[in-house]
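Undergrad: Starting from these lines, generate the structure:
(one chain, ligands or ions: 1)
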Amino acid sequence: MARDLDTVISLHRILTSLDDARQRLAGIPDWMRELHDEHAARLAEIAALEESIEQVAGERRGAEALISDAQDKLKRYQQQINSVTTQREYGALLQEIDTVKQQIAGGEESGFAALERIERLQRELAATRESFRDLDERYGRELAKWEAEKPQVAAQAAELDRSAEELRREVPRALLAHFDRIRERRGGSALAPILEIDRPGRGPREWHCGACNYRVRPQVVVEIRNRGSLVQCDSCKRILFLGDEGGTSN
Ligand SMILES: [Zn+2]
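TA: Next comes the predicted model:
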């Protein structure tokens, strides 16, 4: 009959693989990661260009509104010229006319500059979209490939889930509850491998918890190795297990 520790080690491994499969199903697979990031970056670039164009177009509209305003004023002032009676009023009016003419010239200048910027940005946008097309098509193909692979990963996950359920029935109820509690508290991992501290040169062998690095006493290592005892890490409370002889693997 398998020792409880061996059963929970198997359960731990299956659940880890299951979590991994579920995570893969929910996200982007590693082999697509780079392409996905590049695709997202180019999309962001296009969005930023579109936003810039929108912003400069707003500036241009502002300049045009300013010109139209100044032109109305200019028209009014020019009509008033015939009705002024004093030299002083005449001088003041000429001054106003001069000011609005400057406003019109300034508005035309910034409107023209905005137009130039818009055209430049639009050329840039068109080039970016053009070069994005290949990437976008490639991304679409890879995405379809991933969608086609998903059912296989989902089937793997279902199989792992079944195995986990079977193993859970072999674990004593109290231990299982304990196992689940630690798993919940420790982000899905109830077990931690004991690792031997690699020390060149001679000296007593030392071990630590593979999850939190806390020291593991030598007699704990012996107890687990000889009797398959269930011992928790003094610090993180995960159930400790030995990998290969000496506890150097996971
Ligand atoms: Zn620990």
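
Undergrad: for the record, mean pLDDT for the one helix or strand Val220 maps to?
TA: Element membership of Val220, judged by DSSP states H and E, is helix 218-227. Helix 218-227 shows a mean pLDDT of 94 in the predicted model.

Undergrad: Next, the buried residues of it.
TA: Val220, Val221, Ile224 (16 or more other CB atoms under 10 Å). The C-beta positions use only the backbone N, C-alpha and C, and glycine is treated the same way.

Undergrad: can you redo those as a markdown table with distance to Arg186?
TA: A markdown table is the format used below for those (distance: CB to CB, whole Å):
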| residue | distance to Arg186 |
| --- | --- |
| Val220 | 19 |
| Val221 | 21 |
| Ile224 | 19 |
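
Undergrad: which residues touch the longest strand seen in the chain?
TA: Counting by DSSP state E, the longest strand found in the chain is strand 191-196. Applying CB atoms under 8 Å, 6 or more residues apart in numbering, the external contacts of strand 191-196 come out as 8-9, 12, 205-212, 216, 220-221, 224, 233, 236, 238-243, 246-250.

Undergrad: Same list, these, but only the ones touching the ion.
TA: Cys209, Ala211, Cys212, Cys233, Cys236 (CB under 5 Å from the ion).

Undergrad: Number of residues surrounding the closest residue to the last one other than its chain neighbours?
TA: Which is Cys236. Nearest non-adjacent residue to Cys236, counting by CB to CB, 6 or more residues apart in numbering: Cys212, 4.0 Å away. Cys212 has 14 neighbours, counted by other CB atoms under 10 Å.

Undergrad: my guess is Cys212 meets Ser235, correct?
TA: Yes: contact criterion CB atoms under 8 Å: Cys212 and Ser235 qualify, at 5.0 Å.

Undergrad: Okay, helices next: where are they in the protein?
TA: According to DSSP state H, the chain carries its helices in the segments 4-26, 30-80, 87-170, 173-185, 218-227.

Undergrad: how about stretch 94-107: buried residues?
TA: Buried-residue list, stretch 94-107, by 16+ other CB under 10 Å: Ile97, Val100, Gln103, Ile104, Gly107.

Undergrad: What is the burial count for the residue nearest to Gly228 when sequence neighbours are not counted?
TA: Leaving aside its sequence neighbours, Gly228 sits nearest to Arg3 (CB to CB, 6+ apart; 3.7 Å). The tally of other residues near Arg3 (other CB under 10 Å) stands at 12.

Undergrad: So which bits of this protein are right by the ion?
TA: Near the ion, when you scan the chain using CB under 5 Å from the ion, you find Cys209, Ala211, Cys212, Tyr214, Cys233, Ser235, Cys236.

Undergrad: try 8 Å
TA: Within the chain, the residues that sit near the ion (CB under 8 Å from the ion) are 192, 209-214, 233-238, 240.
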